[in-house]
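K.L.:
Build me a model from this:
(4 chains)
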There are 2 protein chains.
Amino acid sequence: MKSTYCPNLKKIPLSLIFYALSDPVRLEIVQALLEQDEISCGACKSPLSKSTMSHHFKVLRESGLIVKRGEGKVHYLSLRRVEIEARFPGLLIILGKLKGPL
Amino acid sequence: MKSTYCPNLKKIPLSLIFYALSDPVRLEIVQALLEQDEISCGACKSPLSKSTMSHHFKVLRESGLIVKRGEGKVHYLSLRRVEIEARFPGLLIILGKLKGPL
DNA sequence: TTTACATTTCGATAATATTCGAACTATCAA
DNA sequence: TTGATAGTTCGAATATTATCGAAATGTAAA
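P.N.:
You can find the predicted model right below:
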């Protein structure tokens, strides 16, 4: 299993975090991960192609928001809750409560 | 004095708010506005051209984050604090405290 | 080892974004 | 009325992004 790139979230520019969250598809992924601790890539349902979803996972990973864990054929995504809380205190709590269009 | 477009922040998609904050220049404007209640467009110093800055003001305005108030020749920018707090509770408080690169 | 499955990477394309300078608008002051 | 100042809008160049399908990778099961 290839090691998955996982940047130091403290060094990630704030604007990059906001950029990662600036796409409705990615926002949906993050909000799903707020409800379920882990989700497999394939379970992130979307009308978009697999390669496009993979691109979005990568953006979220490179912004430091998620990690991926491989288990057999399946890759599981999860939020880097502790690090996110350290870099951006309150963000996740707020994100989970937000209403309105994504 | 032309009336300045000011969208209903409740209807703004979350992703658009994040998009508005995904540029370091715009983030800097917002953080400056967290410290000073009002800033004139011209006082938003930057190596960028006036027209580029004007573009960034527009993005921030269309995302619902700021308003502009004209007074003579000068236009003053300010945050829509109350509406932002209603749409995105905690965002501004957090934004003001954040450390690390923009 | 062959096949099937889950996911990523690559290469291309179309859509968006950033940026600039030039031209424009509005306001004030001489 | 003429100029100067503050800012916007327009048009164009360049850079980034989102998206896809095809090909590649890695894993498990037959």
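
K.L.:
what sits up against the helix or strand bottoming out on mean pLDDT in chain A?
P.N.:
The weakest-scoring helix or strand in chain A, judged by mean pLDDT, DSSP states H and E, is helix A:91-97 (a mean of 89). For helix A:91-97, the external contacting residues (C-beta atoms under 8 Å, 6 or more residues apart in numbering or on different chains) are A:30-31, A:34-35, A:79, A:81, A:84-85, B:88-91, B:94. C-betas here are computed from N, CA, C, even on glycine.

K.L.:
Tell me how far that helix lies from the chain's centre.
P.N.:
Relative to the chain's own centre, helix A:91-97 is displaced by 13 Å; criterion: C-alpha atoms, centre = their mean, to the nearest Å.

K.L.:
quick one on the thing from earlier: make CSV out of the contacts of helix A:91-97 and add secondary structure.
P.N.:
Formatted as CSV, the contacts of helix A:91-97 follow (DSSP: H, G, I helix; E, B strand; the rest coil):
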residue, secondary structure
A:Val30, helix
A:Gln31, helix
A:Leu34, helix
A:Glu35, helix
A:Leu79, strand
A:Arg81, helix
A:Ile84, helix
A:Glu85, helix
B:Phe88, coil
B:Pro89, coil
B:Gly90, coil
B:Leu91, helix
B:Ile94, helix
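
K.L.:
check whether the one helix or strand A:Met53 maps to contacts chain B.
P.N.:
Assigned by DSSP states H and E, A:Met53 belongs to helix A:50-62. No - between helix A:50-62 and chain B, judged by C-beta under 8 Å from any C-beta of the partner chain, nothing touches; the nearest distance is 11.4 Å.

K.L.:
re earlier: flag every buried residue along the least confident helix or strand of chain A.
P.N.:
Of the residues in helix A:91-97, A:Leu91, A:Leu92, A:Leu95 count as buried by neighbour count, 16 or more other C-beta atoms under 10 Å in any protein chain shown.

K.L.:
And stretch A:58-73, by the same measure?
P.N.:
A:Val59, A:Leu60, A:Arg61, A:Ser63, A:Gly64, A:Leu65, A:Ile66, A:Val67, A:Lys68.

K.L.:
and the helix holding A:Met53, what other elements does it pack with?
P.N.:
Counting by 3 or more C-beta pairs under 8 Å, 6 or more residues apart in numbering or on different chains; DSSP states H and E, the packing neighbours recorded for helix A:50-62 are helix A:14-20, helix A:24-35, strand A:66-71.

K.L.:
Nearest to B:Ser51, out of the ones you listed?
P.N.:
When the helices and strands packed on helix A:50-62 are compared by C-beta to C-beta, helix A:14-20 sits nearest B:Ser51, at 21.0 Å.

K.L.:
Is DNA strand C within reach of the closest one?
P.N.:
No - judged by C-beta under 7 Å from any atom of the strand, helix A:14-20 and DNA strand C are separated, with a smallest distance of 8.8 Å.

K.L.:
low-confidence ranges in chain A?
P.N.:
For chain A, the stretches flagged by pLDDT under 70 are A:1-3.

K.L.:
count of residues packed around the residue in it that DNA strand C sits nearest to?
P.N.:
Residue of chain A nearest DNA strand C, by C-beta to the nearest atom of the strand: A:Gly42 (2.3 Å). Counted with other C-beta atoms under 10 Å in any protein chain shown, the neighbours of A:Gly42 add up to 11.
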